[in-house]
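1. got a structure for you, letters missing:
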């Protein structure tokens, strides 16, 4: 169905008619000029992200349902990175005439799945037209007790540096998708040059063979916010001194923490957590595995520092790896290689303005 037949408010009603609020802080959600939220005993956390077609996502290889899930997740992850609890989501979309109602239904299916995963209410937003492709702007609202909030500027000398999960898989998933996209368009171009209509028709059903690489694709197309690890840290009575989620790459995020905390760091190459599929794919692409883990981005794992006294607690926790420690600022930010050489850590992760 054409979106213009429903109109803006008709489309909003259609997409949000089955949304039911789950949080007591949501006094009023979709349906009026503003959502009404109530937080009497906690601080309000607010984060916002824009996702632009051609910059942050490519509809050649991500469908709208996965895009909706990912768009919600990247914002929810920011709330967890402040040691908070996500509560509400505001969704604004600008779309061109090539999209129809069914496309937006698929987007909202993914969006709602991510919100249901973490008990988040969709409480409003905006829709408008676009002449340059799909644009998505999402704001997530969360809460945290004042004394529980974790900022980037709290790391102290001798603190341990930790990460959840593994690194580099999302980046290698992107490389895999980009390669298969290139192969597809090369075949299309060759068929067009030859005027081979049969080949062009067959290419409409082009499906790359991703067997054995499913984990990499999932990490790129459907990342998960690490609210589960936040809950584990709370259960173990561990409060990070500084924390970020890894969206732009470990090196970039760690340098942010060091700059804002006025400290240095030492991290060890042999401590970086890397999945087997990531290692295999890096070898296939002839890429340096540690470079991928340090600079890849879009892992949405948590990078955090904790007092050295929490070492034993962390040793018994699955899914968390200690990769180094915080030092005096005069010692700089250094990577210790497997053969004990020291190199200055550089921010080589994703830069959305390039």
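-> In hand now; what should we look at? Please read all numbers here as calculations on a predicted model, not as lab measurements.
2. So which residues of the stretch 201-350 of the chain form strands?
-> Per DSSP state E, counting those that start in this stretch, the stretch 201-350 of the chain carries strands over the ranges 242-245, 264-268, 302-306, 320-327, 333-336, 342-344.
3. Which strands border the longest one, and is each parallel or antiparallel?
-> Which is strand 320-327. If you go by DSSP bridges, strand 320-327 pairs up with strand 160-164 (antiparallel), strand 264-268 (antiparallel).
4. Show me what the first one is in contact with.
-> Residues outside strand 160-164 that contact it (Cβ atoms under 8 Å, 6 or more residues apart in numbering) are 226, 229, 246, 250, 254, 265, 267, 273, 301-308, 310-311, 314, 319-326. All C-beta atoms are positioned from the backbone trio N, CA, C, and that covers glycine.
5. for it, which positions count as buried?
-> 160, 161, 162, 163, 164 (16 or more other Cβ atoms under 10 Å).
6. For residue 182, state which of those is nearest.
-> Checking the buried residues of strand 160-164 against residue 182 with Cβ to Cβ, the nearest one is residue 163 at 31.2 Å.
7. And the pLDDT for the closest one?
-> Looking at residue 163, its pLDDT is 98.
8. is it in a bridge, and if so with what?
-> Judged by DSSP bridges, the bridge partners of residue 163 are residue 303, residue 321.
9. if we can go back for a sec, deepest-packed of the strands of the stretch 201-350 of the chain, please.
-> Greatest average neighbour count among the strands of the stretch 201-350 of the chain goes to strand 302-306 (a mean of 27), per mean count of other Cβ atoms under 10 Å.
10. Taking strand 320-327 as reference, get the angle to that strand.
-> 60 degrees (axes from the mean of the first three to the mean of the last three Cα atoms, to 10 degrees).
11. mind listing the helices for the stretch 151-300 of the chain?
-> Per DSSP state H, counting those that start in this stretch, the stretch 151-300 of the chain carries helices over the ranges 169-194, 197-203, 214-221, 227-235, 250-261, 276-284, 289-295.
12. out of those helices, which comes closest to residue 102?
-> helix 214-221 (19.7 Å).
13. I'd like the average pLDDT over that closest one.
-> For helix 214-221, mean pLDDT is 97.
14. helices or strands up against it?
-> For helix 214-221, the packing partners by 3 or more Cβ pairs under 8 Å, 6 or more residues apart in numbering; DSSP states H and E come out as helix 169-194, helix 276-284.
15. can you put those helices in a markdown table and add mean pLDDT, mean neighbour count and distance to residue 213?
-> Output for these, formatted as a markdown table (pLDDT from 0 to 100; neighbours: other Cβ atoms under 10 Å; distance: least, Cβ to Cβ, whole Å):
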| stretch | mean pLDDT | mean neighbour count | distance to residue 213 |
| --- | --- | --- | --- |
| helix 169-194 | 90 | 17 | 6 |
| helix 276-284 | 97 | 17 | 6 |
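16. returning to what we had before: quickly name whichever of the buried residues of strand 160-164 is closest to residue 95.
-> Distances from residue 95 to the buried residues of strand 160-164, taken by Cβ to Cβ, are shortest for residue 164, at 34.3 Å.
17. All set now, cheers.
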